[in-house]
Every structure is written in structure tokens, then in C-alpha cells.
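Chemist: here is my input; please provide its structure:
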Amino acid sequence: MIGDPPSMTDLAAQALRDMILRGELAQGERVIENQLTATLGVSRPPLREALRILHQEGLIEQVPRRGAVVRVLTLHDVYEIVTLRTTLETMAVHLGVPCRHPERLARLHEALTVWERHAAEGREDLATEDSSRFHLALIGLAGHSRLDGAYRAIALQLRMCMELNRAARSSSETLTERAARHRRLYTIIESGDTAAVLAELADPASLSFVLAYAETHPPATPESQAWLESLRGAGG
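Modeler: I've put the predicted structure just below:
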């Protein structure tokens, strides 16, 4: 059965997400409604509803005397997002590995296959989207809808900070190396070895983007400072 077509609000929200994730709307930049209605070809009501959705997703915030702006993610924000992701993925692995539901493993394999194809094509522009798709499928191994919802709540913010450091990440790990690392992870998941999956997820290479982010977003809290130091120590 074919679903309903997306509404103008849905289309505007997706267009705004893409603009933020591609850096066309930079962190801290004002979201000017007059410009966006012309750029996106929508009226104010669906645009304002789209802005409300992105505010709920953590991509936009309301600032006094400035209005809607693209959210600035501090290193403390990244610390909270990444440590929460680690906790959620650990729970998903404990619940979903060994995987007794072939269709869940098939979704993970499909996400990996897409990633590998894009890596072979040199599609660096799709790298964070591919990573997000794979990790959402990994969370899906647990078959736990609230766990899935909690992960989706931070997935866009995670992509946002990863996109900003795409160049730094590609210099430390190529697309094919990144895809190969996740192929190794998939193979371990397929084997059903829970402890080995958790060890692989703890690979410091998976957090290389954080070290790049810290170069332009220095830690401002004791928690983020201690976390950054622990990552630097783990990376050797």
C-alpha cells in the first residue's frame, strides 16, 4: 500500500536538515524566514512548523533578540551525545547479539553494502549518512522501540558534528578503511560474540572526529575535558 505523499512541512523540514548537515546553514547562523520561504518555495506556516520540528530534533534553537539559529554544538554537547550513543549501542548489543532474527541482521548487512558501494565510488558526501544508517540498523538488532527512539533523538546531532569534521576524518581514515572497519564489525556481530562486538565498537578510530572537533571547540567543562583526555590516551 502506497503511503500519503509528504506534506509541505515534511519537505521543508527535510530541506532544512540537509542544509544544516551540509553546512549551508552554519552553526550559530540565523535562520531568516523571508529568505527561506523564497529558497524553499514554501509559505510561512509550513516553514515555521518545520522549524519547530528541527528545534525538537536539536538542530535549531531560539536565541533572545536573534530568533531561530542553527544550534552550536559545544564539546560538552558532543561528549553527552557520544557517551549516550555508546551506552545505547552497548545495550543494543547485549539485547541483540547473538542475533536470532535474520531480518534484523539483513537490514544491517544492507546498510553495510550501501556504505561499501559509496566508499568504492568515493562518495565522501554520503559518509555520515551511511554511518548513521549502519548504526541505526545496529540499534535495531535489539528489537526495542524505545531504545531505537532514544538513538534517533541524537542521531542528527551526531551527524551534524561529524559533517563539520569530514575533511579531518578523511585524512586519518579513508572511506574504504572506514567501510572495512565496519565490515569487520558486521562479521563479529554475525558470529554472535557479544564481548568481541563491544571490544570492536570501542576502537578509538571510531571517535577520530571528536579529536578534530576539539581543535575548534575546546572543552568548557570538567566532564568534557576529562573525556577528551581519556580519548587521547586511548588513541595512543
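
Chemist: domain parsing for the chain?
Modeler: As assigned by automatic domain parsing, the chain contains the domains 8-70, 75-234.

Chemist: a markdown table please, covering these and showing mean neighbour count.
Modeler: To be clear about C-beta, it is placed using only N, CA and C from the backbone, and glycine gets the same treatment. Rendered in a markdown table, the data for the domains of the chain read as follows (neighbours: other Cβ atoms under 10 Å):
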| stretch | mean neighbour count |
| --- | --- |
| domain 8-70 | 16 |
| domain 75-234 | 17 |
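
Chemist: could you dump these to TSV with mean pLDDT?
Modeler: As requested, the domains of the chain are arranged in TSV below (pLDDT from 0 to 100):
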stretch	mean pLDDT
domain 8-70	92
domain 75-234	92
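
Chemist: output the helix or strand hosting Ser224 as CSV, nothing but the C-alphas.
Modeler: Using DSSP states H and E, the secondary-structure element containing Ser224 is helix 222-234. The C-alpha coordinates for helix 222-234 follow below in CSV (Å, rounded to 0.1, in the frame of the first residue of the first chain):
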residue,chain,number,x,y,z
PRO,A,222,35.5,19.4,33.6
GLU,A,223,33.5,16.4,32.2
SER,A,224,34.3,17.2,28.6
GLN,A,225,38.0,17.9,29.4
ALA,A,226,38.4,14.6,31.3
TRP,A,227,36.6,12.7,28.4
LEU,A,228,38.8,14.3,25.8
GLU,A,229,42.0,13.4,27.7
SER,A,230,40.8,9.8,28.0
LEU,A,231,40.2,9.6,24.3
ARG,A,232,43.7,11.0,23.6
GLY,A,233,45.1,8.4,25.9
ALA,A,234,43.2,5.6,24.3
